[in-house]
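Engineer: what follows is a predicted protein model with its sequence.
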Number of protein chains: 2
Amino acid sequence: MGKKIGVVLSGCGVYDGSEIQEAVFTLLAIDRGGAEAVCMAPDMEFPEVNHLSGEASGAKRNALVEAARIARGKIRNIKEVQAAELDAVIFPGGFGAAKNLCNFAEKGAGATIHTEVARLLTDMAAAKKPIGAICIAPALIAAALGKEYRPKVTIGTDAGTAAAIRETGSEHVECPVTEFVVDRDHKIVTTPAYMLAERISDAAEGIDKAVRAVLDLI
Amino acid sequence: MGKKIGVVLSGCGVYDGSEIQEAVFTLLAIDRGGAEAVCMAPDMEFPEVNHLSGEASGAKRNALVEAARIARGKIRNIKEVQAAELDAVIFPGGFGAAKNLCNFAEKGAGATIHTEVARLLTDMAAAKKPIGAICIAPALIAAALGKEYRPKVTIGTDAGTAAAIRETGSEHVECPVTEFVVDRDHKIVTTPAYMLAERISDAAEGIDKAVRAVLDLI
């Protein structure tokens, strides 16, 4: 049997959920690496953002129901997924990682983590299983694990976000879009993707390399 | 300046819009080929399908607004896009291609094509500019252009869909998921993707090859 890699989604769309392209490149790299993606998302409501206008619509959507669009319906409620059944876990980016999976977008280093996300992350880290995070999702990892593990992560070069990550006790390392950062002690792999990418192919390259690094750490 | 490739989307999600993974692989292959994607979708409502349950929700969504999620907001109303500004056009699949861009899913060979989609397709074909279509979208091409051009296309191996395509006057050729079919006379490139794919990497491979074939025909 292939390795099982959890992919934690937060909706479907960069402004209110998972960044779609990052999520798809994650799934592709997992499959190309001979592993199996286990898609999951929290069953929670979030405020919908109209991606044409960029404005909040006032309506709500459900993260699990919307994330099912990326996963072609093959997705589980994160509540039902245990660290024991996964060999690694990867968090694509998008504002959903910083607004739905936690509230880093609003609270910075003092962010509260969604209960089930916190449980899974804590259990994966305790089991020394690899954790990957893309784009803004490394801020979620930092907020969740910073105090205990002081992991080394990257979100690219954004100074404000890097400062907030350092405030969690984590280390921030600058990194170009087509590369990634590995914290070998904690088996944490991060890549900037659309925190920096101006071309879809650059985001794809960094994510492909980062996912392969996650698989290599298993 | 790079070549400009229209990418006609129909929403965001396989059951009621564009197949997300196919659309993303199309955008990636265009960028890797050194060309520029011009994303567009019709400004029209469609019935929303819950992708977790697979059931119609009873609500409506807008194809242009939802497709903006895939395109990260960089998308135009197809009504404003002229064939003269494009070097080629590609249609990713998903039920939206057969339910929103036309009604092939309901009417088969006798499908009515969305007015603006019909205009763009007719103008591209008349200008002998390459047309790519993925998954079920070749049925849209067949329904729109079958009578006049009798193009050769593939949707993979599904007998019922192939029969409906032949009814339009088009030729259907069987094709494996990682390959594509080229009608050199009409510059039409088609690949089965999720009409056949059981692995995301197979869909990605077929789409990558098909998009490169489209670029080579310019």
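Structural biologist: Thanks, I have the structure now. Numbers count the residues shown, from 1 in each chain, chains lettered A, B, ... in the order given.

Engineer: does residue A:48 belong to a helix, a strand or coil?
Structural biologist: Using DSSP: H, G, I helix; E, B strand; the rest coil, the structure places residue A:48 in strand.

Engineer: residues in contact with it?
Structural biologist: Residues counted as contacts of residue A:48 (C-beta atoms under 8 Å, 6 or more residues apart in numbering or on different chains) are A:16, A:56, A:57, A:58, A:59, A:60, A:61. Just so you know, the C-beta spots here come from the backbone N, C-alpha and C atoms, and that holds for glycine as well.

Engineer: confirm the third one sits in a strand?
Structural biologist: In other words, residue A:57. Yes - Residue A:57 forms part of a strand when assessed by three-state DSSP.

Engineer: before we move on, the earlier item: now the contacts of residue A:48 in JSON lines, with pLDDT?
Structural biologist: JSON lines is the format used below for the contacts of residue A:48 (pLDDT from 0 to 100):
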{"residue": "A:16", "pLDDT": "98"}
{"residue": "A:56", "pLDDT": "98"}
{"residue": "A:57", "pLDDT": "97"}
{"residue": "A:58", "pLDDT": "97"}
{"residue": "A:59", "pLDDT": "98"}
{"residue": "A:60", "pLDDT": "98"}
{"residue": "A:61", "pLDDT": "98"}
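
Engineer: distance of the residue sitting nearest the centre point of chain A from residue A:196?
Structural biologist: In chain A, the residue lying closest to the centroid (C-alpha atoms, centre = their mean) is residue A:91, at 2.1 Å. Using C-beta to C-beta, to the nearest Å, one gets 17 Å for the distance from residue A:91 to residue A:196.

Engineer: residue contacts, the residue nearest to the residue nearest to the centre of chain A when sequence neighbours are not counted?
Structural biologist: The shortest distance from residue A:91 to any non-neighbouring residue, by C-beta to C-beta, 6 or more residues apart in numbering or on different chains, is to residue A:137 (3.8 Å). Going by C-beta under 8 Å, 6+ apart, residue A:137 touches A:91, A:92, A:93, A:97, A:98, A:101, A:190.

Engineer: confidence score at residue A:137?
Structural biologist: pLDDT, residue A:137: 98.

Engineer: go on, residue A:1?
Structural biologist: 61.

Engineer: same deal with residue A:5?
Structural biologist: So, for residue A:5, pLDDT stands at 98.

Engineer: give the contact list for it.
Structural biologist: A:30, A:35, A:36, A:37, A:38, A:86, A:87, A:88, A:89, A:90, A:214, A:215.

Engineer: partners of the host helix or strand of it in the sheet?
Structural biologist: Residue A:5 is part of strand A:4-8 when elements are defined by DSSP states H and E. With DSSP bridges as the test, strand A:4-8 is paired with strand A:36-41 (parallel), strand A:88-91 (parallel).

Engineer: packing partners of the following helix or strand past that strand?
Structural biologist: Where DSSP H and E defines the elements, the next helix or strand beyond strand A:4-8 is helix A:20-32. Contacts defined by 3 or more C-beta pairs under 8 Å, 6 or more residues apart in numbering or on different chains; DSSP states H and E place helix A:20-32 against strand A:4-8, strand A:36-41, helix A:63-70, strand A:131-134, helix A:200-216, helix B:20-32, helix B:63-70, helix B:200-216.

Engineer: what about 7 Å?
Structural biologist: Other elements packing on helix A:20-32 under the criterion 3 or more C-beta pairs under 7 Å, 6 or more residues apart in numbering or on different chains; DSSP states H and E are strand A:4-8, strand A:36-41, helix A:63-70, helix A:200-216, helix B:20-32, helix B:200-216.

Engineer: mind listing what the closest residue to residue A:93 other than its chain neighbours touches?
Structural biologist: Distances taken as C-beta to C-beta, 6+ apart place residue A:135 nearest to residue A:93, at 2.3 Å, with adjacent residues excluded. Contact analysis of residue A:135 by C-beta atoms under 7 Å, 6 or more residues apart in numbering or on different chains lists A:19, A:22, A:93, A:94, A:192, A:193, A:194, A:195.

Engineer: the nearest residue to the second one once chain neighbours are set aside: neighbour count?
Structural biologist: With sequence-adjacent residues excluded and distances taken as C-beta to C-beta, 6+ apart, residue A:22 is closest to residue A:92, at 4.3 Å. Residue crowding around residue A:92 was assessed by other C-beta atoms under 10 Å in any protein chain shown; the count is 32.

Engineer: how many neighbours does residue A:127 have?
Structural biologist: As a burial measure, residue A:127 scores 12 neighbours (other C-beta under 10 Å).

Engineer: which sections of chain A are below the confidence cut-off?
Structural biologist: Applying pLDDT under 70 to chain A picks out residues A:1.

Engineer: interface residues of chain A facing chain B?
Structural biologist: Contact residues (C-beta under 7 Å from any C-beta of the partner chain) of chain A with chain B: A:12-14, A:20-21, A:24, A:27-28, A:31-32, A:50-52, A:54, A:64-65, A:68-70, A:72-73, A:75, A:199-201, A:204.

Engineer: just the buried ones from the residues you listed?
Structural biologist: A:12-14, A:20-21, A:24, A:27-28, A:31-32, A:50-52, A:64-65, A:68-70, A:72-73, A:75, A:200-201, A:204 (16 or more other C-beta atoms under 10 Å in any protein chain shown).

Engineer: does residue A:103 touch residue A:112 like I think?
Structural biologist: Yes - using C-beta atoms under 7 Å, residue A:103 is in contact with residue A:112, at 5.5 Å.

Engineer: more neighbours, the two?
Structural biologist: Ranked by neighbour count (other C-beta under 10 Å), residue A:103 and residue A:112 place residue A:103 first, with 17 against 13.

Engineer: related to what we said a few turns ago, roughly how far does the residue nearest to residue A:91 sit from residue A:19?
Structural biologist: Distance of residue A:137 to residue A:19, given as C-beta to C-beta: 9 Å.

Engineer: okay, and the common contacts of these two?
Structural biologist: Common contacts of residue A:137 and residue A:19 (C-beta under 7 Å, 6+ apart): A:92, A:93.

Engineer: identify the residue nearest residue A:142 in space, chain neighbours excluded?
Structural biologist: residue A:170 (3.9 Å).

Engineer: surely that neighbour and residue A:140 touch.
Structural biologist: No - in this structure residue A:170 lies outside contact range of residue A:140 using C-beta under 7 Å: 11.0 Å.

Engineer: what sits closest to residue A:127 if chain neighbours are left out?
Structural biologist: Nearest non-adjacent residue to residue A:127 (C-beta to C-beta, 6+ apart): residue A:83, at 5.6 Å.

Engineer: identify the bridge partners of residue A:45.
Structural biologist: Beta-bridge partners for residue A:45, by DSSP bridges, are residue A:62.
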